[in-house]
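Undergrad: I would like the atomic coordinates for the input below:
(chains A and B)
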Amino acid sequence: MEGIVVNIEGEAFEPGKGHSTEDVLKRLKKVNAIALRAHDGYIFDISSLSGLPEGVHEVTAVTANSPEGLAICRHSASHVMAHAVKDLYPSAKVTIGPSTVDGFYYDFDVATPFTPEDLSAIEKAMQKIVKRNNPFVRKTMSKADAIELFKSMGEAYKVEIIEAIEADEVSLYEEGGFIDLCRGPHVPSTAAIPAFKLLKTAGAYWRGDEKNKMLQRIYGTAFATQEELKHHLEFLEEVKRRDHRRLGKELDLFSIHDDIGSGLILWHPNGAMIRKTIEDFWRDRHIKAGYKLLFTPHIAKIDLWKKSGHLDFYHENMYTPMDIDGADYEIKPMNCPFHIAVYKSNLRSYRDLPIKYAELGTVYRYERSGVLHGLLRVRGFTQDDAHIFCRIDQIEAEILDVLDFTLYVLRTFGFENFDVYLSTRPEKYVGSLDNWEIATEALRKALENKGLKYETDPGEGVFYGPKIDIKVKDSLNRQWQCSTIQVDFNLPERFDVTYRASDDKEAMPIMIHRALMGSLERFFGILIEHYAGAFPLWLAPVQVSVLTISERQADYAKQTANSLATVGIRVETDFGDEKIGYKIRQSSLKKIPYAIVIGDKEMDSGALALRKRNGENLSFSDFNSLLGFLQEEIEQRR
RNA sequence: GCCGGGAUAGCACAGUGGUAGUGCAGCUGAUUCGUAAUCAGCAGGUCGAGGGUUCGAAUCCCUUUCCCGGCUCCA
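TA: Numbering: from 1, shown residues only, chains lettered A, B, ... in the order given. The predicted structure follows:
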């Protein structure tokens, strides 16, 4: 351990020089260190302090408060879970058990799936193991020995895993008699797993491949403190509370019916009003941004899809063709071929470019029944699609434009944080290397020009071109993919799309596909959860409710409501014989942004009282000042 | 598609072999009230669908449809 510096909470310790090894270990224990991080980010067990690899001269204590430390805790928790499962169900075979972004899981091969009661029994067994404070002991052995060991234990999956490992030596961890193959690192001992909870069970294929056996997965989570665990569980409750399927029903926004078909959405009046507002905004802004709007059919002859390549590359998501007068027609999974047909309906000059076509195009795609999910994964949806035909020298400017436009639109819907990804050329691709290079650089430059932080996903582009994906973060900080901007070298080629260049020769434009919201259905689902159903005034299906204290004010209130409706405010009235508290409660449950309460006072004075959804009260001396207030808020879309 | 769980009144749910229930919503009546639930009465069901076991099935068995959680973040 000579010559090694150990940083603990900002203090440097040098075992052998002023500090004894015991002191350092004690100190590490005192701060609840669970691992050590080297400069290059590599993480070691605390026990490896005495045997650090050559070249490592300085390490820093890692606690469960850091992301790495927490991941280690969770990983160790998954081992403890496997230990508990083996104790309770000795015939269970262990497989893999990693930590995840918000917890951990472990997959087991068991004869009968786990029940919720099993889960709490396992959790209790885990608590006992944690209490015993068994040290995690790392061992290494040769591959051959490890294979022998796990064979003798009957752990066939572990044998399979070891056989696939390339190194000569593998590491094992033992804790309280439970041995598992593991790369590590782990917490020093089981008591260093402060707060954990098992959450749910699920089927999961071995190695995620549906050709393999189905294993039983147990999900759990762990945190540095009970407090944080509690917060996380509350967060999960909040997620449930905001579930768009639940709110969709409660607020009468949309429905899905068995007898109509899975993954097919019916927009109810409230949802349809929101969609109409979104669409109006979308169309208006697109026209202002120089897009031309299109409407195209829902079906087309099968040859079109052969030519576009969809039948080759996309047929798994397409429905069986229908026969019309002896010709096969396909319901459309994409809008692009139609937009190309519009482009090709005329000769185009280089002076015409860029040509930007936009359409709210409804497409139908086959999704496996198991993946359908409310509005977020459906079989019929409307894309806010657009195709930009431009010259290759225009790509950067166009992308820049699209980026600006996208961020403007997303911000209007209350999304302020984005994660941006640039996906580059995959192994299988079409188009020339030159074009890929130019297009990828154009995307990159546009991102840098906008000062957007982005991650590069090498090789993750589509076969026909590089792309930028933008993921929004909602009010619960969850990430959703909405926008995508994709360069396409393929379709112009396939459809022989051309323009007349300045040198009088035929040239091929580049196509940019882009969607800002992705699909209206999905975006709506995300919005419902983002706003927890409490839509801002400009989007709210009903903007104001007019409520009376008693029957006496009904006529007067009716006039007020009519005056609002006449200028386009969406109003609902409640003149029933319930008490005002009841009416306000009803209005609040419907998440109507404002309630106007009218009693004798208002009737006599002409003043108006406006109650916000959150209980706050505002008063206005007359109708016009109230109207002005509402109109300004609508105008500003906040 | 696969594994597990589920489907009972418009909604949320209870009901493990013996008369199908509760709350909210709905309807009717009373009440006319000042910022998140006034009171009373009434009505509402092929217990997802089909078949079977049984004297008797929401309940047990089989089939089927749909919904929910998941199905690599790689020792």
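
Undergrad: When you work out contacts or count neighbours from here on, use the C-alpha atoms and nothing else.
TA: Fine.

Undergrad: helix or strand for A:E163, which one?
TA: helix A:156-164 (DSSP states H and E).

Undergrad: do that helix and RNA strand B meet at all?
TA: Yes - Helix A:156-164 is in contact with RNA strand B by Cα under 7 Å from any atom of the strand, via A:I161, A:I162.

Undergrad: Can you classify A:D312 by secondary structure?
TA: helix (DSSP: H, G, I helix; E, B strand; the rest coil).

Undergrad: what residues go with each domain of chain A?
TA: A:5-63, A:68-233, A:285-296+A:335-526, A:544-636 (automatic domain parsing).

Undergrad: So what's the gap between the first one and the chain middle?
TA: Shown here is domain A:5-63, whose average C-alpha point lies 37 Å from the average C-alpha point of the whole chain (Cα atoms, centre = their mean, to the nearest Å).

Undergrad: Is that domain positioned near RNA strand B?
TA: No - judged by Cα under 7 Å from any atom of the strand, domain A:5-63 makes no contact with RNA strand B; its nearest approach is 13.5 Å.

Undergrad: now do the last one
TA: Yes - interface with RNA strand B: domain A:544-636 contributes A:549-552, A:577-582, A:584-585, A:588-589, A:597-602, A:609, A:611, A:613-615, A:617 (Cα under 7 Å from any atom of the strand).

Undergrad: Neighbours of the residue in chain A positioned nearest to RNA strand B, how many?
TA: In chain A, the residue that lies nearest RNA strand B is A:C182 (2.6 Å; Cα to the nearest atom of the strand). When neighbours are counted by other Cα atoms under 10 Å, A:C182 registers 21.

Undergrad: can you check the one 5 residues further on too?
TA: Around A:V187 there are 30 other residues, counting by other Cα under 10 Å.

Undergrad: Pretty sure the residue of chain A closest to RNA strand B sits against A:Y173.
TA: Yes - in this structure, A:C182 is within contact of A:Y173 by Cα atoms under 8 Å, at 6.2 Å.

Undergrad: and A:A595, helix, strand or coil?
TA: Reduced to three states by three-state DSSP, A:A595 is strand.

Undergrad: what's across from it in the sheet?
TA: For A:A595, the beta-bridge partners are A:S545, A:R611 (DSSP bridges).

Undergrad: For A:W538, see how far away it is.
TA: As judged by Cα to Cα, to the nearest Å, A:A595 and A:W538 stand 15 Å apart.

Undergrad: Ok, A:H373 next?
TA: The value you get for A:H373 to A:W538, if Cα to Cα is used, is 27 Å.

Undergrad: check contacts around the spatially most central residue of chain A.
TA: Residue closest to the mean C-alpha point of chain A, counted by Cα atoms, centre = their mean, is A:W480 at 3.0 Å. Contact analysis of A:W480 by Cα atoms under 8 Å, 6 or more residues apart in numbering lists A:K471, A:V472, A:K473, A:D474, A:I526.

Undergrad: Looking at those, point me to the pair that's furthest apart.
TA: Pairwise distances across the contacts of A:W480 peak at 11.7 Å for A:K471 and A:I526 (criterion: Cα to Cα).

Undergrad: which of these two has more neighbours?
TA: More neighbours surround A:I526 than the other of A:K471 and A:I526, with 25 against 19 (other Cα under 10 Å).

Undergrad: sec struct for that one, please.
TA: helix.

Undergrad: Contacts only, for it.
TA: Counting by Cα under 8 Å, 6+ apart, A:I526 touches A:H244, A:L376, A:D474, A:W480.

Undergrad: Inside strands: which ones of these?
TA: With strands taken from DSSP state E, the overlap with the contacts of A:I526 comprises A:W480.

Undergrad: and of the contacts of A:I526, the nearest to A:A561?
TA: Nearest member of the contacts of A:I526 to A:A561, counting by Cα to Cα, is A:H244, at 30.1 Å.
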